[in-house]
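# here are the coordinates; sequence isn't available:
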């Protein structure tokens, strides 16, 4: 047998939430098939089988959060599967045997008021059935409903081969209708609403939460939008962040009314339950992960920073020329490629400090910081030193889109050796970035702006940008960092090297 554990799907992941199972107990699975969907501190990701076999046991149910390394399922051979484990149901753990049904002795009543040997149809005329019904409104407790005897199947023959008359069928149909009406009268929620055997419906007819990534659900709560009303444009109808933003901008007031309250306008902040003046709000999983990561990095890595001014006239001219020829690039793409080339000459900034040694990385895997509504994600463009500008641009564009829609994969977030954070689009001239764990440096990119410099004794207007390198002082010193920035400055100011 092989144990399936909660995997570590990102460098900062310590626990995960099981969103849904794609397989059931008893199902045959092959290596590479998707077993489940897992919510990490950054995104929803698919968990694949690493071996062939049969699902013998499911130990973690949808909605549960467990630590990395916790066994969530067991895969093995069909012969190893216990005969008592039903297909589609979680296996009963060892030692937890179901209680035996009480046996009725002659003359005694069995549980439920049915005497031993007495036809079920006779006792059903005087007994009621208790059913627990899940409410349709989120937050309500399950309701116990006393169902009348008419809810039983009255028209079923009491012995094999016995005929059922038309009058019996009609009577059974009338009994069912009467029972349904009584159930609807007792169950909270919409009258006539069907009670799904699969469990409670999402509030307001919403789609299952698995149809939207964590970042989308959090943004929906902030906007006060019912995701059940939002059409999804992603794979299999998944709701992307752009779908939510477009819906919120064009359809205000879609949040359903809370019981006994007024509808909340779209965009109104949603206060935590019981929050009063001066109280804070709970951190989302992503915000908590970012807080933990940057705090640990700041405590454990001795940062220092150096800044350089780079003239971007030639780089902007190259970008315009490539755009005219049909190659769409951003300045950030040029910077990422330039960083990869500079790391080739100054490899210590592409290393990891391991305590008593440096782990040198042969490839320049550049992480690009992407802002999302509740934090920042750093997907990785791998092997940048050997990729063309166009390839880097295509990969970067795809990573940014998937980061903002909440559809990044495990592979997208792992393996970074250096990072680039660009706030130039916000008009920021310069800033200091925090180094990502297990890396030696991060480059903070400011805005390209007009500047006046002296050339030949005369003032000249140029396009200038500030680059600030934050480096790990355990790995490099100031002179090494300054030489790296000088190399990067030379590459960007003479960008023909980016095309080689």
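That came in fine, so what should we check first? Bear in mind that the values here come from a model prediction, so they are computed numbers and not experimental data.
# quick one, domains of the protein?
Domain assignment for the chain by automatic domain parsing gives 2-80, 203-271, 302-499.
# any idea which of those scores lowest on pLDDT?
Least confidently modelled of these is domain 203-271, at a mean of 66 by mean pLDDT.
# Would you mind listing the buried residues in stretch 433-453?
For stretch 433-453, the neighbour count (16 or more other Cβ atoms under 10 Å) marks 433-436, 438-448 as buried. Placement of C-beta: from N, CA and C, glycine included.
# go on, stretch 351-371?
For stretch 351-371, a neighbour-count test (16+ other Cβ under 10 Å) marks 351-353, 361, 364-370 as buried.
# how about the domains of the chain in JSON lines, adding distance to residue 279?
Conversion of the domains of the chain to JSON lines gives the following (distance: least, Cβ to Cβ, whole Å):
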{"stretch": "domain 2-80", "distance to residue 279": "24"}
{"stretch": "domain 203-271", "distance to residue 279": "9"}
{"stretch": "domain 302-499", "distance to residue 279": "19"}
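# so which of those domains comes closest to residue 280?
The minimum distance between residue 280 and the domains of the chain falls on domain 203-271, with 10.6 Å, by Cβ to Cβ.
# just curious, which of the buried residues of stretch 351-371 is nearest to residue 394?
Checking those against residue 394 by Cβ to Cβ gives residue 368 as the nearest, at 13.1 Å.
# Give me the phi and psi for the residue lying closest to the closest one once chain neighbours are set aside.
Excluding the flanking residues, the one nearest residue 368 by Cβ to Cβ, 6 or more residues apart in numbering is residue 420, at 5.6 Å. Residue 420 adopts backbone torsions of phi -130, psi 130, taken as degrees, to the nearest 10.
# which residues pair with residue 420 across the strands?
Beta-bridge pairing for residue 420 (DSSP bridges): residue 368, residue 443.
# Next, count neighbours for it.
Neighbourhood size, residue 420 [other Cβ atoms under 10 Å]: 23.
# do you know how far it is from residue 473?
Residue 420 sits 20 Å away from residue 473, going by Cβ to Cβ, to the nearest Å.
# in the stretch 401-500 of the chain, which spans are strands?
For the stretch 401-500 of the chain, applying DSSP state E, counting those that start in this stretch gives strands covering 418-422, 441-445, 449-455, 458-472.
# now those strands in a markdown table, with distance to residue 234?
Shown next, in a markdown table, are the strands of the stretch 401-500 of the chain (distance: least, Cβ to Cβ, whole Å):
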| stretch | distance to residue 234 |
| --- | --- |
| strand 418-422 | 26 |
| strand 441-445 | 30 |
| strand 449-455 | 37 |
| strand 458-472 | 35 |
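# can you tell me which of those strands comes nearest to residue 487?
Between the strands of the stretch 401-500 of the chain, strand 458-472 lies closest to residue 487; by Cβ to Cβ that is 11.2 Å.
# which secondary structure elements does that closest one contact?
Here strand 458-472 touches strand 303-311, helix 313-324, strand 441-445, strand 449-455, helix 478-493, going by 3 or more Cβ pairs under 8 Å, 6 or more residues apart in numbering; DSSP states H and E.
# That strand: which residues count as buried?
Going by neighbour count (16+ other Cβ under 10 Å), the buried part of strand 458-472 is 463-472.
# just the helices in this structure please.
120-123, 166-186, 214-223, 241-250, 285-300, 313-324, 331-345, 389-405, 478-493 (DSSP state H).
# Distance to residue 14 and mean neighbour count for these - can I get that in CSV?
Shown next, in CSV, are the helices of the chain (distance: least, Cβ to Cβ, whole Å; neighbours: other Cβ atoms under 10 Å):
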stretch, distance to residue 14, mean neighbour count
helix 120-123, 54, 14
helix 166-186, 45, 13
helix 214-223, 16, 22
helix 241-250, 25, 17
helix 285-300, 8, 15
helix 313-324, 41, 15
helix 331-345, 29, 23
helix 389-405, 21, 19
helix 478-493, 32, 18
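# Among these, which comes closest to residue 59?
Using Cβ to Cβ, the nearest of these to residue 59 is helix 285-300, at 21.9 Å.
# Give me the helices and strands touching the closest one, please.
Using 3+ Cβ pairs under 8 Å, 6+ apart, the elements in contact with helix 285-300 are helix 214-223, strand 375-377.
# Nearest to residue 54 among those would be which one?
helix 214-223 (31.2 Å).
# now the angle from the closest one to helix 285-300?
Computed by axes from the mean of the first three to the mean of the last three Cα atoms, to 10 degrees, the angle separating helix 214-223 from helix 285-300 equals 110 degrees.
# Helix 214-223 vs helix 389-405, what angle?
Using the same axes, to 10 degrees: helix 214-223 against helix 389-405 is 50 degrees.
# so helix 214-223 versus helix 241-250, what angle?
Calculated by the same axes, to 10 degrees, helix 214-223 forms an angle of 10 degrees with helix 241-250.
# Residue 329 against residue 323, yeah?
Yes: under the criterion of Cβ atoms under 8 Å, residue 329 makes contact with residue 323 at 7.0 Å.
# dump the residue contacts of the closest residue to residue 230 other than its chain neighbours.
Among residues not flanking residue 230 along the chain, residue 247 sits closest, at 4.6 Å (Cβ to Cβ, 6+ apart). The contact partners of residue 247, by Cβ atoms under 8 Å, 6 or more residues apart in numbering, come to 225, 229-231, 254.
# could you dump these to CSV with neighbour count and distance to residue 74?
Output for the contacts of residue 247, formatted as CSV (neighbours: other Cβ atoms under 10 Å; distance: Cβ to Cβ, whole Å):
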residue, neighbour count, distance to residue 74
225, 24, 40
229, 15, 40
230, 24, 37
231, 10, 39
254, 19, 43
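# Next, give phi and psi for residue 439.
The phi/psi pair for residue 439 (degrees, to the nearest 10) is phi -120, psi 170.
# list the contacts for residue 372?
Counted by Cβ under 8 Å, 6+ apart, residue 372 has contacts 215, 241, 286, 403-404, 406.
# do you know how far it is from residue 245?
Plainly put, residue 372 is 12 Å away from residue 245 if you go by Cβ to Cβ.
# Dump the buried residues of stretch 351-371 to CSV, plus distance to residue 25.
Formatted as CSV, those follow (distance: Cβ to Cβ, whole Å):
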residue, distance to residue 25
351, 46
352, 41
353, 45
361, 42
364, 45
365, 39
366, 43
367, 39
368, 41
369, 42
370, 39
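# From the residues you listed, pick the one nearest residue 37.
Using Cβ to Cβ, the buried residues of stretch 351-371 come closest to residue 37 at residue 370, 21.7 Å.
# Tell me which two of the buried residues of stretch 351-371 sit farthest apart.
Between any two of the buried residues of stretch 351-371 (Cβ to Cβ), the greatest distance is 25.4 Å, for 353 and 370.
# circling back to that earlier point, nearest to residue 68, of the helices and strands packed on strand 458-472?
strand 441-445 (25.4 Å).
# Next, the angle from the closest one to strand 303-311.
If you take the same axes, to 10 degrees, strand 441-445 sits at 40 degrees to strand 303-311.
# what packs against strand 441-445?
Short answer (3+ Cβ pairs under 8 Å, 6+ apart): strand 441-445 packs on helix 331-345, strand 418-422, strand 458-472, helix 478-493.
# And for the first one, what's in contact with it?
Residues outside helix 331-345 that contact it (Cβ under 8 Å, 6+ apart): 312, 315-316, 318-319, 349-350, 364, 366, 368, 381, 384-385, 387, 389, 392-393, 396, 417-418, 420, 422, 424, 443, 445, 448, 467, 484, 487-488, 491-492, 495, 497-498.
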